[in-house]
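Visitor: 3D model of this:
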Amino acid sequence: MTWNITTPLLGAQAIGSKSTTQKHNLGQIVQATDGTSVNEFIYLKGVASTLVGSWVGYSPAVGTSVLATANGTYPLAVSMTTNTTTTSFAWYCISGNIPALGLTSITHSSGFLALTGTAGSVDDASVIGDHIFNARKTTAVHVVGTFLDTYSIARPFSTNVVTVRN
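Guide: Purely as a prediction, here's the structure:
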């Protein structure tokens, strides 16, 4: 999908591209539309082994990212590009409806998400302390061959704190 940045920004790097040259301030947030919805994206320094749809944890203060994994305590975003190096810069989705990686067995019957030991993906298994807040799966099944599901996210985060959910 093609995203068009609607926030005024000179020389904007395309949402679906990465660059080895930093083109914006790290942590900069913009809105963009694909013609049907408006999402928010944050500009971050990349992390190796990232796929389109990978879940990353990030530091808003310094603009760096890591592949999200169990026991993480960070705000979360979804990668818009593949990345094989830590020297690239790209946009990551923090709000809206977006395809993202889930494990092969994911059903989301509970509606809750959790970080997993598989870096960059989420699951609906009950994992003590690894709950993700402000994110829900909105599709019933995976896109065949990709393990991408559509998620509705609103600046999701994980705390690695045991919580009780009803």
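Visitor: Please state the offset of the helix or strand of the chain with the lowest mean pLDDT from the chain centre?
Guide: Lowest by mean pLDDT, DSSP states H and E among the helices and strands of the chain is strand 122-123, with a mean of 85. How far strand 122-123 lies from its chain's middle: 12 Å, per C-alpha atoms, centre = their mean, to the nearest Å.
Visitor: pLDDT (mean, whole number) over the helix or strand that comes right after it?
Guide: Once strand 122-123 ends, the next helix or strand along the chain (criterion: DSSP states H and E) is strand 131-137. Averaged over strand 131-137, pLDDT sits at 89.
Visitor: cool, and stretch 89-96?
Guide: When pLDDT is averaged over stretch 89-96, the result is 96.
Visitor: what's the answer for stretch 154-166, then?
Guide: 76.
Visitor: Find the nearest non-adjacent residue to L26, please.
Guide: Using C-beta to C-beta, 6 or more residues apart in numbering and skipping residues adjacent in sequence, the residue nearest L26 is G63, 2.4 Å away. Yep, even glycine has a C-beta here, placed from its N, CA and C like the rest.
Visitor: Distance-wise, check the one residue sitting closest to the centre of the chain relative to V52.
Guide: Nearest residue to the geometric centre of the chain (C-alpha atoms, centre = their mean): V78, 1.5 Å. V78 sits 9 Å away from V52, going by C-beta to C-beta, to the nearest Å.
Visitor: which neighbours do those two share?
Guide: Listed as contacting both V78 and V52 by C-beta atoms under 8 Å, 6 or more residues apart in numbering are P99.
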